[in-house]
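A.B. asks: have a look; sequence and predicted model below, questions after that.
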Amino acid sequence: MEQEEKNACSCCNGSKSSASGCAMMIGLIILGIFICKGLKSIAEKDQFVTVKGLAEREVMANKVVWPIPYYCVSNDIQELYNELDRSSTAIIRFLKENGITDEEIIMSTPNVTDRLAQSYTPENLTYRYQGRDVVTVSSAQVGKVIELIKKQIVLMKQGVNIGTEYGYGNDATFEYTKLNDIKPEMIEEATRNARAVAQKFAEDSESELGGIRNANQGQFSISSDETTPHIKNIRVVTTIDYILKN
């Protein structure tokens with residue numbers, strides 16, 4: 001009887017051990033599956049390609065700032081101020097006759113120098129007083145201002161000394177102020193171009209192109225050529241990391 005009980009207990013213990021072993025094996029199998037999936041996920045995350053996408057636009061400047069400096073010399077201070085006034089009047093009349101409004105014209109205060117009062121006086125000084133001033137045009141009429149710049153000889157023929165005593169020096173500055181209006185479509189184009197490059201890379205490497213892993217919009221740059229400063233070249237380069245799937 002005791003032997004039978006011992007055998008029954010032994011059998012029971014064996015069943016428990018077998019069940020425990022099976023459970024452990026099943027647990028190890030499940031753990032292995034999760035580990036494999038995790039390793040595969042890590043491997044896929046590490047597979048990506050970095051590409052750049054470019055978008056460019058050539059636009060006309062929509063604002064121009066054109067300084068028109070002029071100078072006068074004289075040995076009589078009152079005569080000098082009269083000449084400065086005459087020159088500024090001629091310049092303003094020239095601008096208004098050609099479609100520039102009062103709101104687009106900026107006046108400044110004349111700068112007058114007494115050369116004899118300076119620490120250094122040039123030899124063979126012809127004129128004691130020298131006056132400088134500038135009339136500035138700030139306008140959205142870019143095309144019109146470009147034409148007027150070419151017609152400055154009209155003022156010179158009227159006796160206006162355009163520039164300074166030492167040089168011409170009245171270069172216009174052209175600006176493009178509507179960058180925010182074209183930013184979205186340029187970023188979209190640059191991103192589209194980047195994806196096309198990534199897609200080609202994925203095909204060549206026999207991979208499948210996934211989503212974006214990381215993206216950098218890049219900086220917008222505005223440049224122009226010295227010969228055509230009113231034509232602006234706007235450029236943006238995006239850098240994007242795309243996931244590659246095997």
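C.D. replies: Thanks, I have it.
A.B. asks: and the residue nearest to residue 121 when sequence neighbours are not counted, what does it touch?
C.D. replies: Nearest non-adjacent residue to residue 121, counting by Cβ to Cβ, 6 or more residues apart in numbering: residue 115, 6.2 Å away. C-beta here means a position set from N, CA and C on the backbone, and glycine is covered the same way. Contacts for residue 115 were tallied using Cβ atoms under 8 Å, 6 or more residues apart in numbering; they are 121, 122, 125, 127, 128, 129, 130.
A.B. asks: phi, psi of residue 115?
C.D. replies: phi -70, psi -30 (degrees, to the nearest 10).
A.B. asks: so what's it scoring on pLDDT?
C.D. replies: If you check residue 115, the pLDDT there is 87.
A.B. asks: which element is residue 59 on?
C.D. replies: According to DSSP states H and E, residue 59 maps onto strand 48-60.
A.B. asks: the longest strand anywhere in the chain packs against which elements?
C.D. replies: Taking DSSP state E as the criterion, the chain has its longest strand at strand 231-245. With contacts defined as 3 or more Cβ pairs under 8 Å, 6 or more residues apart in numbering; DSSP states H and E, strand 231-245 has these neighbours: helix 2-46, strand 48-60, helix 179-204, strand 208-216, strand 221-223.
A.B. asks: what angle do that strand and helix 179-204 make?
C.D. replies: Put simply, strand 231-245 runs at 40 degrees to helix 179-204, going by axes from the mean of the first three to the mean of the last three Cα atoms, to 10 degrees.
A.B. asks: ok, so of the contacts of residue 115, who is nearest residue 53?
C.D. replies: The nearest member of these to residue 53, counting by Cβ to Cβ, is residue 130 at 56.0 Å.
A.B. asks: domain-wise, how is this protein divided?
C.D. replies: 1-46, 47-60+178-245, 63-175 (automatic domain parsing).
A.B. asks: ok, the strand holding residue 59: who's next to it in the sheet?
C.D. replies: Strand 48-60 has its sheet partners listed here by DSSP bridges as strand 231-245 (antiparallel).
A.B. asks: other residues contacting stretch 195-210?
C.D. replies: With Cβ under 8 Å, 6+ apart, stretch 195-210 has contacts from 44, 47, 49, 51, 52, 53, 240, 242, 243, 244, 245, 246.
A.B. asks: likewise for stretch 223-240?
C.D. replies: 50-61, 64, 142, 146, 172-174, 176, 179, 182-183, 186-187, 190-191, 194-195, 198, 212, 214-222.
A.B. asks: pLDDT weak spots in this structure?
C.D. replies: 1-46, 164-170 (pLDDT under 70).
A.B. asks: let's go with 50 and repeat that
C.D. replies: Low-confidence segments of the chain, defined by pLDDT under 50: 3-6, 8-12, 27-28, 31, 34-36, 38-39, 42-43.
A.B. asks: quick check, central residue of it?
C.D. replies: residue 220 (2.5 Å; Cα atoms, centre = their mean).
A.B. asks: quick check: phi and psi on it?
C.D. replies: Per degrees, to the nearest 10, the backbone of residue 220 is at phi -80, psi 140.
A.B. asks: need the contact list for it.
C.D. replies: By Cβ under 8 Å, 6+ apart, the contact set of residue 220 is 179, 183, 186, 234, 235, 236.
A.B. asks: what's the PyMOL syntax to select whichever of the residues you listed are buried?
C.D. replies: Selection of buried members from those for PyMOL, criterion 16 or more other Cβ atoms under 10 Å:
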select buried, resi 186+234+235+236
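A.B. asks: next secondary structure element downstream of whichever strand or helix holds residue 135?
C.D. replies: Per DSSP H and E: residue 135 is located in strand 129-139. As assigned by DSSP H and E, the chain's next helix or strand after strand 129-139 is helix 142-150.
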